[in-house]
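In: sequence and predicted structure, then a few things I'm wondering about:
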Amino acid sequence: MPALATGPGPDTGLYELLSVLPSQLQMYIKSTEDRSFLHTMFSSRGLHSLVKIHEELQHYKERCPAPVVDSAGALAEGVSEELQTKPLSADITELLKLLSKPHVKSLLSVHDTVAQKSYDPQLPPLPDDIDDDEDSVKIIRLVKNKEPLGATIKKDEKTGAITIARIMKGGAADRSGLIHVGDELKEVNGSSVEGKKPEDIIQILSQSEGAITFKVVPGPESEGPASEHKMYVKALFDYDPEEDKAIPCKEAGMNFRKGDVLWVMSQQDATWWQAKIEGGANPRAGLIPSKHFQERRLALRQTTSNTQPQKVSRKPSVLRRSFRLSKRGKKTNKSMYECKKSDQYDTADVPTYEEVAPYCRAHGAKHRLVVLVGPTGVGLNELKRKLLISDPQHFSVTIPHTSRAKRNQESDGVEYHFISKNLFETDLHNNKFVEYGEYKGNYYGTSLDSVRSVLTKNKVCLLDVQPHSLKHLRTAEFKPFVVFVKPPSIERLRETRRNAQTISGKGDRDSSRPLTDEDFQETITSAQQMEDQYGHLFDLVIVNDELARAFGELSQALKKVETEMHWVPVSWTQS
Ligand SMILES: Nc1ncnc2c1ncn2[C@@H]1O[C@H](COP(=O)(O)OP(=O)(O)OP(=O)(O)O)[C@@H](O)[C@H]1O
């Protein structure tokens, strides 16, 4: 009877289970990707063959077959040798061919291993020249394949002793549990390390395969049990150990890209943490600069290069977006507004790592704020408009505040919330605005309350802001999902924006005009500056080349934000 049998027949249990599992699991799996993965897995021929083998083996288990011989490989070789001396008939030729096939040889070798129950790796005999006086010396044998040993060594400049500096989590040395930080290395494979440079020893180790013998003097303090605290961080910078002069061992370093989520497995060393990329295939940890160390050297680099915050050049004739898209969803509601703060970007904090935790919005919970960021003219307005049209019940935008007088055709709370200049200034003083600006003597601004008002209606609030405003929105309350909309190449801008217009604020009256090469170049330069300075705050980057494709990508991503797990700053999940 199969181990997992549930059905009445002796053979159907596992098969039945396999066929019902996908439908039983449906309700627990929200993402279509995961569903299709499970479906493919459960219906794969490989899995079914495995089940078949499992069931066959179950039958044999009952019969407890004993091996007839435990040296089938040698027997086959003997038979081959003998047959070669005989006249070659068709049958003999076929049998010889069969027995010489590598997989038949492997099969027989596996058979013999199982028959002899010899599962341990073969170790060379212990050296017989162990000094009896050296009672504190340990002989350690590790069997390693091509993977690195997973340990770094250092040389004590005074005594010349070579000691183990760190053990990489999940590596061969760590898995053995035999080598510890602080152990002094005396010999490798019988040859003394005395007087050798660490690089030479590393070279020997990296070239060794199979059993390696170490003679070590155990260190004074062995490492305590590994901390169970699982810390995940989002990398806010790109890192390549090959380009890092400070790393003690480049081979042990780990490459990562901005936005990768890293599982920090050890922080025992204040300068070099051990981490692995979450979801990555490599089970071994690699060295990465610690937060403190990276912050310190970045800060140092900034002071020595004396960099000034970058200014985004902006032609005075091209006016910045403001509170486009009134509630009525008009094409544009450009209020010729220039955000004061947008003239100069402030320097973001030194971006190193941000501690993150998994977050999945519960069904019916408030939506995350969707923030669009991008340079003037890239198409934020257009994308917002398309989202609003696609599902007006689901998406909404904020209603801006202004201190300008209400016009005849306007209603308070529809195009704008009309408030006095005094009240605007008081609200500004009380930090009630996400962004504000002054245009033709009047204030315009987006209040935090206007964002709240959309969210409490259980709608997705679409907001576009200057990137420097992001830090005010990055709170547990709003949990913003930040989308950076990037322009394509200038050639593609020329092609796709042939009919596009921009609003020019030259003179007293605002007028529209076609976009020029200068506008395109400014869009591209400004996008690059935004990405360099604020890229670590973006959750998604979309290139607005073909509008339909960019819109498709955006709406797909927003669906996932509502239903799937995403990594967010850990503080957002603790409130
Ligand atoms: N992918 C695209 N293909 C063709 N035209 C586009 C595309 N995206 C936007 N446009 C057009 O480019 C112009 C500028 O777009 P939009 O107003 O949305 O930009 P914006 O990022 O909101 O800029 P601003 O900050 O200046 O308002 C509009 O005429 C719009 O219809």
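Out: Thanks, I have it.
In: please make it C-alpha for all contacts and neighbour counts, starting now.
Out: OK.
In: tell me the pLDDT of the closest residue to I490 other than its chain neighbours.
Out: Using Cα to Cα, 6 or more residues apart in numbering and skipping residues adjacent in sequence, the residue nearest I490 is F520, 6.3 Å away. What the model reports for F520 is a pLDDT of 94.
In: now S317
Out: pLDDT recorded at S317 is 33.
In: the residue nearest to I490: how many residues sit nearby?
Out: Look at F520: counted by other Cα atoms under 10 Å, it has 23 neighbours.
In: and if you look at the one 4 residues further on?
Out: Other residues near I524 number 22, with proximity taken as other Cα under 10 Å.
In: wouldn't it be in contact with E491 here?
Out: No: between I524 and E491 no contact is recorded; they are 11.3 Å apart, counting by Cα atoms under 8 Å.
In: so D91: helix, strand or coil?
Out: Counting by DSSP: H, G, I helix; E, B strand; the rest coil, the backbone at D91 sits in helix.
In: for it, what are its contacts?
Out: By Cα atoms under 8 Å, 6 or more residues apart in numbering, no residues touch D91.
In: still on that earlier bit, element containing the residue nearest to I490, please.
Out: helix 517-534 (DSSP states H and E).
In: which of the residues in the helix or strand just after that helix are buried?
Out: With elements assigned by DSSP H and E, the helix or strand that comes after helix 517-534 is strand 540-543. Using 16 or more other Cα atoms under 10 Å as the test for burial, strand 540-543 gives V541, I542, V543.
In: hey, what's the second one bridged with?
Out: Just to be clear, that refers to I542. Counting by DSSP bridges, I542 is bridged to V485.
In: for this protein, what lies in contact range of the ligand?
Out: Contacts of the chain with the ligand, taken as Cα under 6 Å from any ligand atom, map to 320-321, 376-382, 496-497, 500-501, 544-547.
In: quickly find the element holding W273.
Out: strand 272-277.
In: ok, and what's touching that strand?
Out: Strand 272-277 has contacts (Cα under 8 Å, 6+ apart) with 168-169, 254, 256, 260-267, 282-290, 293.
In: quick one: list the elements packing against the helix or strand hosting H103.
Out: For H103, the element it lies in under DSSP H and E is helix 102-115. Packing partners of helix 102-115 (3 or more Cα pairs under 8 Å, 6 or more residues apart in numbering; DSSP states H and E): helix 72-84.
In: also compute the angle for the helix it packs on relative to helix 102-115, please.
Out: Taking axes from the mean of the first three to the mean of the last three Cα atoms, to 10 degrees, one finds helix 72-84 and helix 102-115 inclined to each other by 140 degrees.
In: and helix 72-84, what's buried?
Out: So, applying 16+ other Cα under 10 Å, buried residues of helix 72-84: A72, G73, A76, S80.
In: ok, so of the residues you listed, who is nearest L369?
Out: Checking those against L369 with Cα to Cα, the nearest one is G73 at 67.0 Å.
In: domains of this protein?
Out: The chain is divided into the following domains under automatic domain parsing: 72-116, 138-217, 231-303, 322-343+362-572.
In: now the helices for the stretch 151-300 of the chain?
Out: For the stretch 151-300 of the chain, the helices defined by DSSP state H, counting those that start in this stretch cover 172-176, 198-207, 291-305.
In: and those, which is most packed in?
Out: Highest mean neighbour count of those: helix 172-176, a mean of 17 (counted as mean count of other Cα atoms under 10 Å).
In: show me what that helix is packed up against.
Out: Secondary elements touching helix 172-176 (3+ Cα pairs under 8 Å, 6+ apart): strand 138-144.
In: the strand it packs on pairs with which strands?
Out: strand 210-217 (antiparallel).
In: can you pull the buried residues of the partner strand?
Out: Within strand 210-217, the residues scored as buried using 16+ other Cα under 10 Å are A211, I212, T213, F214, K215, V216, V217.
In: rank the domains of the chain by pLDDT, which is bottom?
Out: domain 138-217 (a mean of 84).
In: quick one: end-to-end distance for that one.
Out: Terminal residues of domain 138-217 are spaced 6 Å apart (Cα to Cα, to the nearest Å).
In: on that earlier part again, report the distance from the helix holding H103 to the chain centre.
Out: 41 Å (Cα atoms, centre = their mean, to the nearest Å).
In: now a PyMOL select for only the buried ones of the residues of the chain next to the ligand.
Out: The following PyMOL line selects those of the residues of the chain next to the ligand that are buried, judged by 16+ other Cα under 10 Å:
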select buried, resi 320+321+376+377+378+379+380+381+382+497+544+545
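In: quick one: which of the residues of the chain next to the ligand sit in helices?
Out: For the residues of the chain next to the ligand, membership in helices holds for L380, N381, E382, T496, L547, with DSSP state H as the criterion.
In: the third one: what's it in contact with?
Out: E382 sits next to no residue when contact means Cα under 8 Å, 6+ apart.
In: distance-wise, check it relative to K459.
Out: Distance from E382 to K459, by Cα to Cα: 19 Å.
In: got it, and the first one?
Out: Counting by Cα to Cα, the gap from L380 to K459 is 19 Å.
In: just D34 next, same as before
Out: D34 sits 27 Å away from K459, going by Cα to Cα.
In: between these two, point out the one with more neighbours.
Out: Of the pair D34 and K459, K459 is the one with more neighbours under other Cα under 10 Å, namely 19 against 12.
In: quick check: closest non-adjacent residue to that one.
Out: That would be H394: by Cα to Cα, 6+ apart, it lies 5.2 Å from K459.
In: in the stretch 101-250 of the chain, which residue sits nearest the ligand?
Out: Ranked by Cα to the nearest ligand atom, the top residue of the stretch 101-250 of the chain for proximity to the ligand is L236, at 25.2 Å.
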